[in-house]
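>>> return atomic coordinates for the entry below.
(one chain, ligands or ions: 2)
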Amino acid sequence: MSVADLPKIELHLHHEGAAPPAFIRQLAHEKRIDLSGLFKPDGRYDFRDFAHFLSVYEAACEVLKSPEDFRRLTLAILEESAANGVVYSETFLSPDFCGGGDLQAWCDYLAAIQDAAVEAERKFDITLRGVITCVRHFGPEKAKASARCAAETAGDWITGFGMGGNESVGAQGDFKWAFDCAREAGLRLTTHAGEFGGPESVRDAIRDLGVERVGHGVRAIEDPDLIREIVDRDVTLEVCPGSNVVLGLYPEFAAHPIARLREAGVKVTVSTDDPPFFHTTMRREYEMLAQAFGWGAEDFAALNDTALNAAFCDEETRARVKTRLETP
Ligand code: HPA
Ligand code: ZN
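Numbering: from 1, shown residues only. Ligands and ions are numbered 1, 2, ... in the order given. I've put the predicted structure just below:
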């Protein structure tokens, strides 16, 4: 059996960013919306760099305008993830793209997404949980609205709160109110840092927002003191190697710091981020890591174990997923 066949846990997946281009084109066709500029002639998403990626992403979101659209999207995503061996996944959901931050609208979108997750669990044997994310470049006021939606719908399905978006806009600390609100509602916390921001952005994320997981965080490798702090504070990194390579942080998998982070004692996990944008799948991430670092079944079992322990789900779900991992 190839390592790519192993069951997998994914903790860092942007819901809209997981939309297959053909799915977005189909919705555009049904709604008579012209999105032709977003795609390359071969049908893939077309973007030059991270800022352009974010604008193509948001333009694609223009066709996702109803709970029913999100129900269909969720089923499509989970079918694809399950086909790649994912047994448990946490997805980033943004009220900004689901009703614009209005609580009642958000509840309607969430009901449709959860409905699809129940159907997918039955059909494809994959478990999904939601992490609500605010969008950094939309600013702290929008983030507060997202945090209120998160606090109102926190529970055993919405289990966490986080932040994505453009890391070069504002500071982590600008979003303290939103993160405190989410924490008080019992939500677990993560934020994107150390992808385009340097090591100091990871330090800010841990100290100013008190997150227990960091999205990416890979540039922490540039600062040994920070590595010690990450290990001491038991922070887990949601590493997305293929995304980092496509966005030009590292020229190839072999140059990616994931192996060095792991050797330094940092808890690392593996995810795809926005798989069709970055031409990847969980299966491909495993294949590329095996090829670049010689990792075998034991290494991937250790990564999955780290991911299982860092998952934001309740203990009953964790135990169930553990059984799934042990019986491929
Ligand atoms: N990084 C940061 N923000 C995002 C991403 C991403 O990959 N996808 C959607 N928002
Ligand atoms: Zn991300």
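
>>> that's a strand at L13, yeah?
Yes - with DSSP: H, G, I helix; E, B strand; the rest coil as the criterion, L13 is part of a strand.

>>> wait, it touches Y88, no?
No - if you go by C-beta atoms under 8 Å, L13 and Y88 don't touch, sitting 11.2 Å apart. Just so you know, the C-beta spots here come from the backbone N, C-alpha and C atoms, and that holds for glycine as well.

>>> and the longest helix seen in the chain, what's buried?
What stands out as the longest helix in the chain, according to DSSP state H, is helix 103-124. For helix 103-124, a neighbour-count test (16 or more other C-beta atoms under 10 Å) marks 105-110, 112-114, 116-117, 120, 124 as buried.

>>> likewise for stretch 197-215?
197, 199, 201-206, 208-209, 211, 213-215.

>>> where do the strands sit along the stretch 101-250 of the chain?
127-135, 158-164, 188-193, 213-216, 236-239 (DSSP state E, counting those that start in this stretch).

>>> out of those strands, nearest to ligand 1?
Ligand 1 lies closest, by C-beta to the nearest ligand atom, to one member of those: strand 158-164, at 3.3 Å.

>>> got the contact list for the closest one?
Applying C-beta atoms under 8 Å, 6 or more residues apart in numbering, the contact partners of strand 158-164 are 14, 90, 92-94, 110, 129-136, 143, 146-147, 150, 172, 175, 178-179, 182-183, 187-192, 211, 215, 312-314.

>>> that strand: how far from the chain's middle?
9 Å (C-alpha atoms, centre = their mean, to the nearest Å).

>>> that strand and ligand 1 in contact?
Yes - counting by C-beta under 6 Å from any ligand atom, ligand 1 has neighbours in strand 158-164: G164.

>>> so which of the buried residues of stretch 197-215 is the closest to ligand 1?
G215 (7.2 Å).

>>> identify the residues contacting the closest one.
12, 162, 164, 190-193, 195, 238, 240.

>>> list only buried entries from the residues you listed.
Buried by 16+ other C-beta under 10 Å: 12, 162, 164, 190-193, 195, 238, 240, out of the contacts of G215.

>>> follow-up on the earlier one: relative to T327, which of the strands of the stretch 101-250 of the chain is closest?
strand 127-135 (14.4 Å; C-beta to C-beta).

>>> related to what we said a few turns ago, adding pLDDT, write the buried ones among the contacts of G215 out as TSV.
Output for the buried ones among the contacts of G215, formatted as TSV (pLDDT from 0 to 100):
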residue	pLDDT
H12	99
G162	98
G164	98
T190	99
T191	98
H192	98
A193	98
E195	96
E238	99
C240	98
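
>>> identify the bridge partners of V239.
V270 (DSSP bridges).

>>> ok, now H14?
Beta-bridge partners, per DSSP bridges, of H14: F92.
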